[in-house]
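*Asks:* What follows is a predicted structure for the sequence shown.
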Amino acid sequence: MQHQRCATIPFLAVLFVVLAADRPARADGDLVVPWAIEHFNADEDCRTTAPPVVPVPVAHNHAYFAPPAGAADWPAWIESLRAYRREVREKLRDTSRSMIVLEFKGTRAWVRLSEDWARAADARPGETVVVEGRALAVEGNSTLCLAFDYHQRKGSPAGAWYEWSGVLGTAAVEPGGEWRHFRVEAAIPQFDRDKGWVRPILGMDATHEPTPGTMLLRDLTVRFPRDDARAERWKAVESATARRIGFDDAIYRRDDLRWTARNFVCGFVFIYDRAFWDPDGRRYRVDELLDDARAEFGGYDSIVLWQAYPRIGADGRNQFDFYRDMPGGLDAVRDVVGRFHRRGVKVFVSYNPWDTGTRREGVGDEVALAELIARIEADGVFLDTMARPPVTLRQEVDRRRPGVAFEPEGSTSLEHMELQNGSWAQWFKPFAGIGVLRLKWIEPRHVQHQIHRWDRSHQEELTAAWLNGSGMLVWENVFGSWNPWNAEDRAALRRMAPVLRHFADLLAEDRWLPCHPTLDPKIYASCWEKDRSRLWTLV
């Protein structure tokens, strides 16, 4: 049975000078994955934790900072947020105090080497893998187990799990309230390398010992035997995953991705919707769709062309086939993308990582997706159900087409914001008075698209976008259920969109004064400044 994952707690931990500790050490000729929280996935009954680089200075939730209590508190409030931003930008990936908590309840608790490093290792049967680190046995079961998961070589970048090895090595951690060094090793059993790749996992499992226990882990490393091919793959992962201690804004400085900071209004459209495809006239309705968007919403800056769900699964077609099967094939879809481009609208395709039971491509999903993007000249990827793109996906797409943005559906972390220029603000719960989008505050060039897909009124989302200088997602056909925007919301977005676009450069600057005091507590205000310009947004 597949080991199910649990959510990890985002941590504050990234670089302005690359640390040697973030490079794969090469001890005794081996290749070693160094300790960093992002190199290890805390999955079932595990979580990552770290004292914050700097404590969040104001009340907050995962999406927003709460507004100040009153006008008198605003000066201290804004200064504390500025100090927090400076600290995050300088020290985001300082992982020196981070750790993983194993809370074994008697079934399983596993920490897994990240997909990127495990696939780069591409370990062979018979090779010995060594896991070392420090552990603190808190209570109960104090034995760590080493095992291996097997993942399909073809398919999604993460590779679908298909079996595990069972426990192959153990290390007893002496109780006593002190951190203890541990070392555990195991030889990889025989498996079909044409079918899959292997991934080391460390933790506890009822198949070995069902006694519950709690343990803390830190300074984990995983060692593989060195060979030339593995060393070359290692370099690629090392260059892609090495981060500065502070926030790395390289993706926001890329000239080919600067357009993302102006991507305020995104439409979500089904490629088989009659609003997009006219089955009687046998033609794509690009101009009519965009004319309607301009009249009703003030126009789109980008559009998501959704292809598969809920039709997928009725036959063997996979998510890429649904683009290929559009009338005229991919050549016609490329022509459609060009028509959007001529109207100044960027085009996102959708990636569905859960599509694992359909016809498989002859290559991995990341390659198939990158080739599709290049073929139709798309501008972005909507990462359905995901919070971040795999490193390999970024590499494959960049090789084939520059300027392609990634935008996940899930709530992304500060660390993963380094990998994608925008994200959905889906079902975010604001405070009274809305508050400040956390990601936008740290990186003003990161545009988040507010979306409450089932709501009848979008006033709260519009207010949050307006006060934060951020974006909106327009989605009316929700998987076949029609939930149209009301006239008031449409009119509000029509008024907002031209202002956001005109002042896009201003909204991407650090000189932002959110939750600015007003003389009337029922009026909310934000202010942006640049040079001799000042923009106020009021609700």
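*Replies:* In hand now; what should we look at?
*Asks:* report the longest helix in the protein, please.
*Replies:* What stands out as the longest helix in the chain, according to DSSP state H, is helix 74-91.
*Asks:* Okay, now the sheet partners of whichever helix or strand comes after it, with direction.
*Replies:* Using DSSP states H and E, the next helix or strand after helix 74-91 towards the C-terminus is strand 99-104. Strand 99-104 has the following strand partners under DSSP bridges: strand 46-49 (antiparallel), strand 213-224 (antiparallel).
*Asks:* any chance of those in CSV, with mean neighbour count and mean pLDDT too?
*Replies:* C-beta: built from backbone N, CA, C; applies to glycine. Listed next are these as CSV, based on neighbours: other Cβ atoms under 10 Å; pLDDT from 0 to 100:
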stretch, mean neighbour count, mean pLDDT
strand 46-49, 20, 81
strand 213-224, 22, 94
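*Asks:* which one of these lies closest to Asp315?
*Replies:* strand 46-49 (38.3 Å; Cβ to Cβ).
*Asks:* from the chain's centre, how far out does the closest one sit?
*Replies:* Taking the mean of its C-alpha atoms, strand 46-49 sits 18 Å from the chain's own mean (Cα atoms, centre = their mean, to the nearest Å).
*Asks:* Extract the C-alpha set from that strand and format it as PDB.
*Replies:* C-alpha atoms of strand 46-49 as PDB (Å, rounded to 0.1, in the frame of the first residue of the first chain):
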ATOM      1  CA  CYS A  46       6.200  13.900  10.100                       C
ATOM      2  CA  ARG A  47       6.600  17.600   9.800                       C
ATOM      3  CA  THR A  48       9.400  20.200   9.400                       C
ATOM      4  CA  THR A  49       9.900  22.800  12.000                       C
END
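*Asks:* any idea how far whichever helix or strand comes after that strand is from the chain center?
*Replies:* Later in the chain than strand 46-49, the nearest helix or strand by DSSP H and E is strand 64-65. Averaging C-alpha positions (Cα atoms, centre = their mean) puts strand 64-65 19 Å from its chain's average.
*Asks:* Could you shift the numbering so residue one becomes 27, and keep it that way?
*Replies:* Yes, from this point I'll number from 27; that puts the last item at strand 90-91.
*Asks:* Low-confidence stretches in the stretch 77-226 of the chain?
*Replies:* 77-80, 121-123, 182-184 (pLDDT under 70).
*Asks:* Quick check: Gly461 vs Leu170, distance?
*Replies:* According to Cβ to Cβ, to the nearest Å, Gly461 and Leu170 sit 42 Å apart.
*Asks:* what comes up buried for stretch 142-156?
*Replies:* Along stretch 142-156, these residues count as buried under the neighbour rule (16 or more other Cβ atoms under 10 Å): Asp142, Trp143, Ala144, Arg145, Ala146, Ala147, Ala149, Val155, Val156.
*Asks:* ah, wrong one, I meant stretch 101-109
*Replies:* Buried, per 16+ other Cβ under 10 Å, within stretch 101-109: Trp103, Ile104, Ser106, Leu107.
*Asks:* Stretch 336-356 now?
*Replies:* Using 16+ other Cβ under 10 Å as the test for burial, stretch 336-356 gives Ile338, Arg343, Asn344, Gln345, Phe346, Asp347, Phe348, Tyr349, Met352, Leu356.
*Asks:* picking that back up, among the buried residues of stretch 142-156, which lie within strands?
*Replies:* Members of those lying in strands (criterion: DSSP state E): Val155, Val156.
*Asks:* Would you format the buried residues of stretch 142-156 as a markdown table with distance to Gln446 included?
*Replies:* Shown next, in a markdown table, are the buried residues of stretch 142-156 (distance: Cβ to Cβ, whole Å):
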| residue | distance to Gln446 |
| --- | --- |
| Asp142 | 16 |
| Trp143 | 20 |
| Ala144 | 22 |
| Arg145 | 20 |
| Ala146 | 21 |
| Ala147 | 26 |
| Ala149 | 30 |
| Val155 | 32 |
| Val156 | 34 |
